[in-house]
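> Build the 3D model from these lines:
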Amino acid sequence: MTHPDQFDVAGTVVFVAGGGGAIGRAIGSAYAERGARVAFASQDPERVAAAAAPFADRALGIVFDATDEQECASAIDQTVDRFGRVDIIVNAIGGGAGKVLFDAQDYPRDAWDWIFELNVRGAVLPTQAAVKRMIDQGDGGKVLNICSVRAQLGIAAGYSAYVAAKGAIASLTRQWATEWAPHGINVNAISPTFVDTPQVAMLLADPDFKASLVDRIPLGRVGTTDDIVGPALFFGSSASSFVTGQILTIDGGLTACQ
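Numbers count the residues shown, from 1 in each chain. Predicted coordinates for the structure are as follows:
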């Protein structure tokens with residue numbers, strides 16, 4: 001009996017929400033390098049153009065607001081117009097926690113709403129638009145959410161809204177997996193600890209902060225975007241065809257001993 005390459009993603013169409021950011025761009029680029037067609041989508045026109053440029057006709061840069069329902073529908077329409085379909089959506093929009101740190105008892109509503117708008121609504125709306133297309137296509141699909149270890153772990157640093165938002169993404173991963181399984185759509189999540197990206201560069205530049213973080217990670221370092229790529233390819237390939245509703249923690253062993 002012969003076995004095809006279960007990790008082959010060539011020919012698939014991938015929509016990366018947050019494709020202008022470090023993690024989204026790394027994931028989208030990994031797919032494109034392996035023959036997938038990729039829509040890099042975010043609010044920053046320069047970043048999505050730069051992400052798509054190396055891949056010529058296999059990539060598309062889309063400028064959109066992931067918290068606007070019509071713009072999400074239009075972004076998926078553009079992807080389908082260009083590539084004929086959509087097979088995979090990667091939700092790599094999020095963050096913001098370090099900008100709005102407040103004690104839990106005083107956490108202001110406007111900051112709370114902003115974190116949820118960015119991290120939850122910014123995943124829900126693109127996914128709804130993509131999954132409607134997948135259901136219409138009738139041959140399954142993949143949803144991959146980028147979550148965080150903060151969905152599991154509290155932190156004494158004013159992160160109430162962020163941990164709640166990432167907890168919501170973890171719960172939605174399981175709920176969507178359950179609801180969309182009859183359509184052959186797999187829904188999973190990757191849950192990293194700190195990943196060395198420009199978004200957290202200021203924090204990691206503090207030697208005391210970095211040392212305290214690394215001391216808690218058994219493998220002795222923070223994550224890199226390369227650490228995210230392999231699992232992201234797995235979840236988008238047929239190798240994960242019987243995996244759904246799962247959250248893979250990529251944290252160098254942090255949660256194993258916390």
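> residue boundaries of the strands in the chain?
13-17, 37-42, 59-63, 88-91, 141-146, 185-192, 247-250 (DSSP state E).
> Tell me how far the fourth one lies from the chain's centre.
In terms of CA atoms, centre = their mean, to the nearest Å, the centre of strand 88-91 is set 7 Å apart from its chain centre.
> what does that strand contact?
Strand 88-91 is touched from outside by 12-18, 24, 27-28, 31, 36, 122-123, 126-127, 130-131, 141-146, 169, 232, 236, with contacts defined as CB atoms under 8 Å, 6 or more residues apart in numbering. From N, CA and C alone the C-beta is placed, and that goes for glycine too.
> related to what we said a few turns ago, please produce TSV containing the strands of the chain, extended by mean pLDDT and mean neighbour count.
Shown next, in TSV, are these (pLDDT from 0 to 100; neighbours: other CB atoms under 10 Å):
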stretch	mean pLDDT	mean neighbour count
strand 13-17	98	30
strand 37-42	98	29
strand 59-63	98	22
strand 88-91	98	28
strand 141-146	98	26
strand 185-192	97	24
strand 247-250	96	18
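> Make JSON lines out of these and add distance to R216.
Shown next, in JSON lines, are the strands of the chain (distance: least, CB to CB, whole Å):
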{"stretch": "strand 13-17", "distance to R216": "30"}
{"stretch": "strand 37-42", "distance to R216": "31"}
{"stretch": "strand 59-63", "distance to R216": "38"}
{"stretch": "strand 88-91", "distance to R216": "27"}
{"stretch": "strand 141-146", "distance to R216": "21"}
{"stretch": "strand 185-192", "distance to R216": "14"}
{"stretch": "strand 247-250", "distance to R216": "14"}
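> Relative to A104, which of those is closest?
Checking the strands of the chain against A104 by CB to CB gives strand 185-192 as the closest, at 21.9 Å.
> Check which helices and strands the closest one is in contact with.
Helices and strands touching strand 185-192, by 3 or more CB pairs under 8 Å, 6 or more residues apart in numbering; DSSP states H and E, are helix 122-137, strand 141-146, helix 160-180, helix 225-236, strand 247-250.
> and the first one, what's its mean pLDDT?
Across helix 122-137, the average pLDDT comes to 98.
> buried ones in that helix?
For helix 122-137, a neighbour-count test (16 or more other CB atoms under 10 Å) marks 122-127, 129-131, 133-134, 137 as buried.
> so what's P108 up against?
For P108, the contact set (CB under 8 Å, 6+ apart) comprises F102.
> could you redo the last one with a cut-off of 10 Å?
Shown in contact with P108 (CB atoms under 10 Å, 6 or more residues apart in numbering): 100, 102, 114, 161.
> ok, now V120?
The contact partners of V120, taken as CB under 10 Å, 6+ apart, are 67, 94, 164-169, 172.
> coming back round to it: now render the contacts of P108 as CSV, adding distance to G184.
Shown next, in CSV, are the contacts of P108 (distance: CB to CB, whole Å):
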residue, distance to G184
V100, 39
F102, 43
W114, 35
A161, 35
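> List buried residues within these.
Buried subset of the contacts of P108 (neighbour count, 16+ other CB under 10 Å): 100, 161.
> Now for the contacts of P108: which two are most distant?
Across those (CB to CB), the longest gap, 11.9 Å, separates F102 and W114.
> re the thing from before, with pLDDT added, can I get the contacts of P108 in JSON lines?
Compiled in JSON lines, the contacts of P108 are given as follows (pLDDT from 0 to 100):
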{"residue": "V100", "pLDDT": "87"}
{"residue": "F102", "pLDDT": "92"}
{"residue": "W114", "pLDDT": "96"}
{"residue": "A161", "pLDDT": "89"}
